[in-house]
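1. this one's sequence-less:
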């Protein structure tokens, strides 16, 4: 009995710790996001939106408009895929701002976005948690 | 430089054959390393002139035309993106490839560059129709990248080559000729 309680407490503690250290879900790549969309909604897209394209929100609009004909898995996946894409975009747009201080401190003489990023990643002294997390969330490691 | 692009397309051809999972072999670092190589002497390409030349030479091929010929000197990659029959709708199975391109174009190493999407068809069907459809399909990829994936539209250009530049000239009707070229056009001014 004691062991069971012990395991339960351990698991709860681990879950609590992982929540408090990351505090958020990791972002995923654009490729992985739309791969999920194709997997969960591919047949619905072909069935009800066959002539519609990925661009300009037309697939979302079409799946939304035909919600009664679309599988519930697809409907819920669509929302999370769009959120994933938005989170990745937000993360990528924020990196150079979040890392501003580290850039001026460690990579001041470096020119070009690609080189600045390499400098940030290579500089072990960048221990700024927000900056490191921003680079990870942007998918640039 | 074209040789490298071709080698990748051949590798892809093999990867696509056995099963869908193999399509994932085209990865972000592959796209990045191929498209990131830019020579300082790379020629300037005017996309409006490409469209003009292709339209004026339907049925005669584009590879030897002065502006199209410049493309062979640029860093490029050939990918397979499938469309619904006679439509500009990208097949869901090819969403991943478009997403991989988006991941690469959003990386800081490629931030400064602009890209040309070239759509190619096989020789099945009318040549003029193939040219128009391949232009619209290249535009559809452009639109998906610039809206769904928020790549700045001033970095993206698209043009159709129709059946005018087969990768397998001995068999112009072969499905191998249906492909998309992604070309680094050089620095964004």
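-> Here it is on my side, so go on. Just so it is clear, the model here is predicted, and its values are computed rather than measured.

2. mind listing the helices for chain B?
-> In chain B, the helices defined using DSSP state H lie at B:2-16, B:28-35, B:47-56, B:66-70, B:95-105, B:127-146.

3. tell me which of those is the most buried.
-> helix B:95-105 (a mean of 25; mean count of other CB atoms under 10 Å in any protein chain shown). The C-beta positions use only the backbone N, C-alpha and C, and glycine is treated the same way.

4. for it, packing partners?
-> Contact here means 3 or more CB pairs under 8 Å, 6 or more residues apart in numbering or on different chains; DSSP states H and E; on that basis helix B:95-105 packs against helix A:30-48, helix B:28-35, helix B:127-146.

5. so the second one, near chain A or not?
-> Yes. Using CB under 8 Å from any CB of the partner chain, helix B:28-35 reaches chain A at residue B:28.

6. re the thing from before, closest one to residue B:157 among the helices of chain B?
-> helix B:47-56 (4.5 Å; CB to CB).

7. just to revisit the earlier point, as a markdown table, the helices of chain B with mean pLDDT would be great.
-> Output for these, formatted as a markdown table (pLDDT from 0 to 100):
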| stretch | mean pLDDT |
| --- | --- |
| helix B:2-16 | 36 |
| helix B:28-35 | 83 |
| helix B:47-56 | 97 |
| helix B:66-70 | 96 |
| helix B:95-105 | 96 |
| helix B:127-146 | 97 |
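
8. hmm, back to that, make TSV out of the helices and strands packed on helix B:95-105 and add distance to residue B:174.
-> Formatted as TSV, the helices and strands packed on helix B:95-105 follow (distance: least, CB to CB, whole Å):
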stretch	distance to residue B:174
helix A:30-48	25
helix B:28-35	24
helix B:127-146	14
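
9. so which of the helices of chain B is nearest residue B:188?
-> That would be helix B:95-105 among the helices of chain B, by CB to CB, at 11.5 Å.

10. got the angle between that closest one and helix B:28-35?
-> Orientation of helix B:95-105 against helix B:28-35 (axes from the mean of the first three to the mean of the last three CA atoms, to 10 degrees) gives an angle of 60 degrees.

11. so what touches helix B:95-105?
-> A:29-35, A:37-38, A:54, A:139, B:23-24, B:26-28, B:31-32, B:35, B:79-81, B:90, B:110, B:115, B:141, B:144-145, B:148-149, B:151, B:155, B:182 (CB atoms under 8 Å, 6 or more residues apart in numbering or on different chains).

12. these two touch, right, residue A:73 and residue A:39?
-> No. With contact defined as CB atoms under 8 Å, residue A:73 does not count as touching residue A:39 (9.8 Å).

13. between those two, which one's more packed in?
-> residue A:39 (16 against 12; other CB atoms under 10 Å in any protein chain shown).

14. against chain B, how distant is that one?
-> According to CB to the nearest CB, to the nearest Å, residue A:39 stands 8 Å off from chain B.

15. could you list the buried residues of stretch A:112-126?
-> A:113, A:114, A:116, A:117, A:118, A:119, A:120, A:126 (16 or more other CB atoms under 10 Å in any protein chain shown).

16. is there any residue in it that contacts chain B?
-> Yes. Stretch A:112-126 is in contact with chain B by CB under 8 Å from any CB, via A:112, A:113, A:114, A:116, A:117.

17. now tabulate those residues in JSON lines and tack on pLDDT and secondary structure.
-> Conversion of the residues of stretch A:112-126 next to chain B to JSON lines gives the following (pLDDT from 0 to 100; DSSP: H, G, I helix; E, B strand; the rest coil):
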{"residue": "A:112", "pLDDT": "93", "secondary structure": "coil"}
{"residue": "A:113", "pLDDT": "94", "secondary structure": "helix"}
{"residue": "A:114", "pLDDT": "94", "secondary structure": "helix"}
{"residue": "A:116", "pLDDT": "95", "secondary structure": "helix"}
{"residue": "A:117", "pLDDT": "95", "secondary structure": "helix"}
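
18. in chain A, what spans have low per-residue confidence?
-> A:1-25, A:124-126 (pLDDT under 70).

19. tell me the centre residue of it?
-> The C-alpha lying nearest the average C-alpha coordinate of chain A belongs to residue A:27 (CA atoms, centre = their mean; 1.6 Å).

20. does that one touch residue A:139 like I think?
-> Yes. Assessed by CB under 8 Å, residue A:27 is found in contact with residue A:139 at 6.7 Å.

21. anything in contact with each of those two?
-> A:88, A:91.

22. for residue A:99, phi and psi?
-> With angles defined as degrees, to the nearest 10, residue A:99 sits at phi -90, psi 10.

23. these two touch, right, it and residue A:131?
-> Yes. Residue A:99 lies in contact with residue A:131 (CB under 8 Å); the separation is 4.0 Å.

24. between the two, which has more neighbouring residues?
-> residue A:99 (23 against 20).

25. distance of the more buried one from chain B?
-> Relative to chain B, and taking CB to the nearest CB, residue A:99 is found at 11 Å.

26. please apply the same query to residue A:58.
-> On the measure of CB to the nearest CB, residue A:58 and chain B end up 9 Å apart.

27. what is the neighbour count of residue A:104?
-> Neighbours of residue A:104 (other CB under 10 Å): 9.

28. how near is it to chain B?
-> When residue A:104 is compared with chain B (using CB to the nearest CB), they lie 17 Å apart.
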